[in-house]
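> Build me a model from this:
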Amino acid sequence: MTRTPLALIAAIAAAAAGVATVQHTQAAATFAVFNTQTLGLGTIDGVDFTVTVNPPGLMTSTNTGNFNSATYDNAGDQQYLTYNGTTVTINFDQAISDLNLYLYFFRGGATPYDAGADSYDFNQSFSINANFDGGTQNGNVLETPGTWANGVLSFSGQITSLSWTSSSDVLGQGFTFSGTANASAVPGAGLAGLATIGLAGVSRRRRR
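Numbers count the residues shown, from 1 in each chain. Predicted coordinates:
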């Protein structure tokens, strides 16, 4: 009986580990790109998404905003979408990881002309960044009793749908978001494939 050289076994294992590592690698987080012609459509890291606002809901424009302050973790100049309404829903064609929502001048309950809300209730758990301004977290609710709220909400896990509902109708506030598309390759596939190749080689040698 021919024995498999230890060097061959080690080489197969090392190569398999290398392939598995490549399959787990994901690109750095990217920001949403909103369709300026059809409001509510866009892409993020190659994944399509749709935005709806109810009721009655209205997306008003896309603009480029200054997210260069510590409030936004110095995210740079980014495109954002403005809306009027109560409930916003973002649906992704495939799951997004490391999702961060940037609130651009969200209106609080003390905003003049009754254009703001005292709170925003999210369908996903989140955390707020250290320099969040004008709001506090209470479970899945962002409480905004002041005039304006600006900062970053971070969501863990794989998100296919994100929504929030304000305690009252709001007018003229914006948001954008960043994240990464999940790797489509099956973890460990490279390991299984290389192991099969190695075993096939051993089998052939045994038959000689």
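> Now do the strands for this structure: every range, in order, please.
With DSSP state E applied, the chain shows strands at 30-31, 33-34, 41-44, 47-54, 58-67, 76-107, 119-122, 127-128, 136-138, 141-143, 148-155, 159-181, listed in chain order.
> So which of the ones you listed is nearest Tyr113?
Checking the strands of the chain against Tyr113 by Cβ to Cβ gives strand 159-181 as the closest, at 8.1 Å. Yep, even glycine has a C-beta here, placed from its N, CA and C like the rest.
> and the strands of the chain as TSV, adding distance to Tyr113 and mean pLDDT?
TSV is the format used below for those (distance: least, Cβ to Cβ, whole Å; pLDDT from 0 to 100):
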stretch	distance to Tyr113	mean pLDDT
strand 30-31	31	97
strand 33-34	27	98
strand 41-44	30	98
strand 47-54	19	97
strand 58-67	16	95
strand 76-107	10	97
strand 119-122	19	98
strand 127-128	26	98
strand 136-138	24	98
strand 141-143	21	98
strand 148-155	14	98
strand 159-181	8	96
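> Is the nearest residue to Gly40 once chain neighbours are set aside bridged to anything, and to what?
Distances taken as Cβ to Cβ, 6 or more residues apart in numbering place Val51 nearest to Gly40, at 4.5 Å, with adjacent residues excluded. Per DSSP bridges, the residues bridged to Val51 are Ile90.
> Val51 - how many residues pack around it?
Using other Cβ atoms under 10 Å, Val51 has 21 neighbouring residues.
> just use 171 as the starting number from now, easier for me
Understood, numbering begins at 171; the last thing we discussed is Val221.
> dump the residue contacts of the closest residue to Phe276 other than its chain neighbours.
Take Phe276 and drop its neighbours on the chain: the residue closest to it by Cβ to Cβ, 6+ apart is Ala319, 4.2 Å away. Applying Cβ atoms under 8 Å, 6 or more residues apart in numbering to Ala319 gives the contacts 273, 276-278, 302-305, 312.
> just Ser337 next, same as before
Applying Cβ under 8 Å, 6+ apart to Ser337 gives the contacts 279, 287-291.
> now swap in Tyr272 and tell me
237, 242, 245, 248, 250, 321-322, 345-348.
> Thr208 versus that one, what's the distance?
22 Å (Cβ to Cβ, to the nearest Å).
> same thing with Ala300?
Taking Cβ to Cβ, one finds Ala300 at 36 Å from Thr208.
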